[in-house]
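*Asks:* Build me a model from this:
(one chain, ligands or ions: 2)
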Amino acid sequence: MPSDGPPAARGSAIARPSVGAPLEEQVWPATATLDDDGVLRLGGLRVDELADRFGTPTFLLDEDDFRARARAWRAGFPDGDVYYAGKAFLCRAVARWVAQEGLSLDVCTGGELAVAASVGFPPERLLFHGNNKSVEELSRAVAHGVGRIVLDSFVEIDRLAGIARAAGIRQRVLIRVTPGVEAHTHEYIATGQEDQKFGFSLASGAATAAVGQVLGAADALELVGLHAHIGSQIFDTAGFGLAAHRMVGLLVTVRDEHGVELPELDLGGGLGIAYTGEDAPLAVEEVADRLHTIVGKECAGAGLAVPRLAVEPGRAMVGPTTVTLYRVGTVKELPGLRTYVSVDGGMSDNIRTALYDARYTARLVSRPGSAEHHVVTLVGRHCESGDVVAHDVPLPADVAPGDLVAVPATGAYHRSMASNYNHVGRPPVVAVRAGAARVIVRRETEDDLLRLDVDDVDDVDGAAGEGSKPGEAGR
Ligand SMILES: Cc1ncc(COP(=O)(O)O)c(C=O)c1O
Ligand SMILES: N[C@@H](CCCC[NH3+])C(=O)O
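*Replies:* Numbering: from 1, shown residues only. Ligands and ions are numbered 1, 2, ... in the order given. The predicted structure is shown next:
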């Protein structure tokens with residue numbers, strides 16, 4: 001699988017003529033350029049100046065790139081719905097951009113719903129996912145007027161019907177189906193195959209049974225369509241095509257068995273992005289074209305009206321827009337083994353390397369560095385040997401403490417999966433655009449972390465009022 005998988009054999013020294021080597025276009029955000037002195041610019045701003053202003057590590061998000069990607073998705077599905085998958089990265093500013101660009105939003109927890117609600121995201125353009133939504137979350141979604149809720153289990157059908165009935169609302173719903181498509185991606189992020197926790201299986205007949213159960217609760221639930229999501233970080237159209245084919249087949253079965261033509265078909269997200277120069281992601285237009293063609297052809301063959309298509313891109317919308325800017329703290333050469341370059345973040349801001357053996361590239365971005373490059377292991381600051389940011393990255397042989405190193409393609413599933421391991425505050429997200437920078441998620445401080453810590457005594461002897469208060473920590 002491109003970008004994920006065990007690290008290749010780790011060499012030590014190579015010579016690469018990469019002083020001023022161009023940025024690999026598919027990996028870096030759209031506005032990324034290099035100044036003559038080797039400093040990376042994003043959104044028209046030099047990263048050395050951004051580091052001075054905002055500190056490191058910091059996520060730098062290219063707002064124009066995000067908006068351009070949103071528009072490309074919108075253009076690819078002019079008669080359908082594009083739900084940005086908020087799990088990839090969501091904050092108030094991003095929710096606002098999504099709304100402004102005319103997209104809809106996929107949320108999968110009460111927390112994500114709260115972000116959307118806090119900026120007045122149009123409720124009818126919200127879609128609520130999840131294999132174990134709580135009664136409280138479902139009630140909140142119904143009361144909020146969420147446009148569509150995706151049903152994921154038999155127990156949830158009854159649960160939601162009861163909630164909608166009590167609220168005197170007929171809730172629009174889709175049914176999540178597992179179409180039995182094995183996406184070629186890491187097993188932890190594949191969701192189309194039979195053996196997994198999401199949705200109703202097509203092959204076992206659970207999906208058609210679910211349709212029957214929802215139609216039986218028609219006073220409270222309005223079944224508008226079917227949903228499938230086969231996995232994430234996918235590079236070929238075959239899986240999407242097969243899923244579309246099977247889902248249209250299910251629409252035909254539903255028509256034949258229940259006498260209803262469902263008007264909507266949501267084919268989920270999953271489009272892969274380039275994490276390294278070796279990845280060749282599909283273009284949005286290509287995927288859109290493929291899905292429209294398959295669904296159109298199959299529906300024509302079955303005498304079915306073409307349903308309104310929906311998609312749920314997360315990674316492909318936000319992943320490539322962001323780089324993580326780190327500062328090098330130490331360089332440790334183990335003769336005959338490898339060189340470790342330690343930066344001031346790590347698995348707390350990028351868990352993907354440890355979790356999926358994901359591959360990344362990295363670049364010295366505060367100066368050109370020497371022509372000779374060494375293949376190094378870029379590691380973080382956490383108390384764990386698995387705290388690797390990027391395996392086997394060529395960096396200038398003279399990389400040194402104080403240098404800035406950037407890792408691209410970190411917009412999706414990085415800040416949103418960040419942790420406070422070792423009591424490290426999560427990095428901020430700074431949006432850059434046309435020469436201006438704006439913090440859209442601020443850095444977590446030690447005060448933020450201590451605020452959650454509940455104790456009724458203040459020092460180690462148990463006396464009240466002696467120890468340092470949370471507000472004084474870290475000063
Ligand atoms: C139901 C659903 N929709 C959309 C997405 C977004 O996927 P991606 O970020 O790969 O586009 C996911 C995550 O895989 C998902 O589970
Ligand atoms: N978190 C995963 C993707 C999960 C997709 C959510 N359904 C990743 O980083 O690749």
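*Asks:* can you list the weak-confidence ranges in the stretch 201-350 of the chain?
*Replies:* For the stretch 201-350 of the chain, no stretch is flagged by pLDDT under 70.
*Asks:* Try it again at 90.
*Replies:* Per-residue confidence for the stretch 201-350 of the chain (pLDDT under 90) gives these ranges: 236-240.
*Asks:* How many residues are close by the residue in it positioned nearest to ligand 2?
*Replies:* For the stretch 201-350 of the chain, the residue closest to ligand 2 is Ser232, as judged by CB to the nearest ligand atom, at 4.2 Å. In short, each C-beta sits where N, CA and C put it, glycine included. By other CB atoms under 10 Å, 26 other residues sit near Ser232.
*Asks:* Surely it touches Gly270?
*Replies:* Yes. With contact defined as CB atoms under 8 Å, Ser232 counts as touching Gly270 (5.0 Å).
*Asks:* Give me the nearest residue to the residue lying farthest from the centre of the chain, chain neighbours excluded.
*Replies:* When distances to the mean C-alpha position of the chain are computed (CA atoms, centre = their mean), the maximum falls on Ala463, with 46.0 Å. In space, and not counting its chain neighbours, Ala463 is closest to Val457: 6.8 Å by CB to CB, 6 or more residues apart in numbering.
*Asks:* What's the separation between that neighbour and Arg451?
*Replies:* 17 Å (CB to CB, to the nearest Å).
*Asks:* Could you do Val388 as well?
*Replies:* In terms of CB to CB, Val388 sits 31 Å off from Arg451.
*Asks:* Looking at the two, which is more packed in?
*Replies:* Higher neighbour count among Val388 and Arg451: Val388, with 22 against 12, using other CB under 10 Å.
*Asks:* check contacts around that one.
*Replies:* Applying CB atoms under 8 Å, 6 or more residues apart in numbering to Val388 gives the contacts 347, 353-354, 377-380.
*Asks:* Tell me what it is bridged to.
*Replies:* Bridge pairing for Val388 (DSSP bridges) gives the partners Val379.
*Asks:* Now do the end-to-end distance for stretch 405-421.
*Replies:* End-to-end distance for stretch 405-421, by CA to CA, to the nearest Å: 22 Å.
*Asks:* if you skip the residues just before and after it, what's nearest to Ala99?
*Replies:* Of all residues not flanking Ala99 in the chain, Phe121 sits nearest, at 5.3 Å (CB to CB, 6+ apart).
*Asks:* which residues touch stretch 327-336?
*Replies:* Here stretch 327-336 makes contact (CB under 8 Å, 6+ apart) with 12, 51, 56-57, 339-344, 381, 399-405.
*Asks:* Just the buried residues of these.
*Replies:* Neighbour counting by 16 or more other CB atoms under 10 Å classes 51, 56-57, 339, 341-344, 381, 399, 403-405 among these as buried.
*Asks:* Of those, which belong to helices?
*Replies:* Under the assignment DSSP state H, the buried ones among the contacts of stretch 327-336 contribute Ala51 to helices.
*Asks:* Same list (the buried ones among the contacts of stretch 327-336) but as TSV, adding distance to Gln193.
*Replies:* Compiled in TSV, those are given as follows (distance: CB to CB, whole Å):
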residue	distance to Gln193
Ala51	43
Thr56	40
Pro57	36
Thr339	40
Val341	38
Ser342	39
Val343	36
Asp344	39
Arg381	37
Val399	42
Asp403	44
Leu404	42
Val405	37
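*Asks:* What is the most widely separated pair among the buried ones among the contacts of stretch 327-336?
*Replies:* Ala51 and Thr339 (22.8 Å; CB to CB).
*Asks:* Can you tell me what sits against the longest helix belonging to the chain?
*Replies:* Using DSSP H, we find that the single longest helix of the chain is helix 237-258. Under the contact criterion CB under 8 Å, 6+ apart, helix 237-258 has outside partners 177, 179-184, 192, 202, 207-208, 211-212, 215, 226, 228, 230-231, 234, 260-262, 265, 267-268, 270, 282, 286-287, 290-291, 294-295, 298-299, 302, 304, 307.
*Asks:* ditto for stretch 139-147
*Replies:* With CB under 8 Å, 6+ apart, stretch 139-147 has contacts from 104, 110, 113, 117, 123-128, 133, 149, 160, 163-164, 167, 169, 171-172.
*Asks:* Drop anything exposed from those.
*Replies:* Buried residues within the contacts of stretch 139-147, defined by neighbour count using 16+ other CB under 10 Å: 104, 110, 113, 117, 123, 125-128, 133, 149, 160, 163-164, 171-172.
*Asks:* Report the separation between the closest residue to ligand 2 within the stretch 351-475 of the chain and Tyr356.
*Replies:* Going by CB to the nearest ligand atom, ligand 2 is nearest to Tyr413 of the stretch 351-475 of the chain, at 3.1 Å. Distance, Tyr413 to Tyr356, using CB to CB: 9 Å.
*Asks:* Next: Val94.
*Replies:* Taking CB to CB, one finds Val94 at 23 Å from Tyr356.
*Asks:* how many neighbours does the residue of the stretch 1-150 of the chain found nearest ligand 1 have?
*Replies:* Proximity of the stretch 1-150 of the chain to ligand 1 (CB to the nearest ligand atom) peaks at Ala85, 3.5 Å away. By the criterion of other CB under 10 Å, Ala85 has 28 neighbours.
*Asks:* Tell me who's in contact with it.
*Replies:* Ala85 neighbours (CB under 8 Å, 6+ apart): 106, 269, 312-315, 317.
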